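A.B. asks: Would you be able to build a 3D model of this:
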Amino acid sequence: MRIVFMGTPGFAVPSLEKLVKAGHQVVGVFSQPDKPVGRHQNRLQPTPVKERAQIYDIPVYQPERLRDGAALAVLQELDPELIVVAAYGRFLPDDILALPPKGCINVHSSLLPKYRGSAPINWAILNGERETGVTIMHMAREMDAGDIILQRATLIGEIEDASSLYDRLAVIGGELLIEAVDQIESGTACRVPQDHGKATPAPMLSKALSPVDWTRSAQEIFNQIRGLYPWPGASTTALTGEPVKLWAAQAVEERTDSAPGTVIAAGKQGIDVACGDGQVLRILELQAPGGRRMTAAAYLAGHPISR
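C.D. replies: Sure thing, here's the model as predicted:
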């Protein structure tokens, strides 16, 4: 089948690879414009999808916008039967949605209608979900609201962070995409309308989510650390007064009468901090401003904490 693929980050790469290896004719790839990187922002970094498309010698298009008619003209020339979108990062206008005869489909990293938006993987962990998955859906004008073709669920590991879950769901997404494309090609793909009343949001992440509120439970704070890894990361000033990034932790079987945010123990095993309801979180890895990520024991060697 003639397919145009639209994607930008690493999450989309397995989906592109699966399409190519399944023998589909990927006639073009759309990706976000390259971003300037480096100390002086004088070097352009290609997107992961662009890099992979170039390996396969697929033409890559990186329009700044989609609503000026130029992108539509390119797509009309490419003449795809189907457009596949995976974490492209832009809304498709109506004229593009209506272009391919077999429609536009999306690889979304949640079990829709839960977690519609740009950060479904993070919010699933932040909210303490035990299960998430991937949805292949027909695209609609409203964000992540189209009819469902296929879904596949997976359990979230008890200590799994957003980065590792991202990698797992990317692979699942590629596998499920091929099943959906095969069904579309054979005319057997179903369309299951979403229950819009059960939709939940997964808005873009920001640094405003980073500060830890120690009055919350140890598990909630642990979820925050996992869900915001690697960006923007959880942080606290409770240890020494300076903002410290928290990279790894665990809830421990211990109770305390100390006020939330109080350091109750600090040693080789970690830094124990009082949380809400008398619970305790043990910080295992952290990072001081301008420093590197290190174990709690290494941090304490240079940053003694008075209790």
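A.B. asks: what sits against the closest residue to residue 56 other than its chain neighbours?
C.D. replies: The shortest distance from residue 56 to any non-neighbouring residue, by Cβ to Cβ, 6 or more residues apart in numbering, is to residue 20 (5.4 Å). Placement of C-beta: from N, CA and C, glycine included. With contact taken as Cβ atoms under 8 Å, 6 or more residues apart in numbering, residue 20 is in contact with 26, 56, 58.
A.B. asks: looking at this, residue 20 is in a strand?
C.D. replies: No: going by DSSP: H, G, I helix; E, B strand; the rest coil, the assignment for residue 20 is helix, not a strand.
A.B. asks: Select the longest helix from the protein.
C.D. replies: Longest helix of the chain, by residue count under DSSP state H: helix 162-186.
A.B. asks: So which elements touch it?
C.D. replies: helix 13-21, strand 82-86, strand 104-108, helix 120-126, strand 131-138, strand 148-155 (3 or more Cβ pairs under 8 Å, 6 or more residues apart in numbering; DSSP states H and E).
A.B. asks: Can you give me the separation between the residue nearest to residue 56 and residue 5?
C.D. replies: 9 Å (Cβ to Cβ, to the nearest Å).
A.B. asks: Touching both of the two, which residues are there?
C.D. replies: Residues touching both residue 20 and residue 5 by Cβ under 8 Å, 6+ apart: 26, 58.
A.B. asks: what comes into contact with the helix or strand of the chain with the lowest mean pLDDT?
C.D. replies: Here the helix or strand of the chain ranked lowest by mean pLDDT, DSSP states H and E is strand 35-37, holding a mean of 82. Outside strand 35-37, the residues that touch it by Cβ under 8 Å, 6+ apart are 42-45.
A.B. asks: And the next helix or strand past it?
C.D. replies: Next helix or strand after strand 35-37 toward the C-terminus (DSSP states H and E): strand 43-45.
A.B. asks: quick one: average pLDDT of that following strand?
C.D. replies: Mean pLDDT, computed over strand 43-45, is 85.
A.B. asks: Offset the numbering so it begins at 865, please.
C.D. replies: Sure, I'll start numbering at 865, so the last one becomes strand 907-909.
A.B. asks: The helix or strand just after that strand vs helix 877-885, what angle?
C.D. replies: The C-terminal neighbour of strand 907-909 among helices and strands, as given by DSSP H and E, is helix 912-919. If you take axes from the mean of the first three to the mean of the last three Cα atoms, to 10 degrees, helix 912-919 sits at 20 degrees to helix 877-885.
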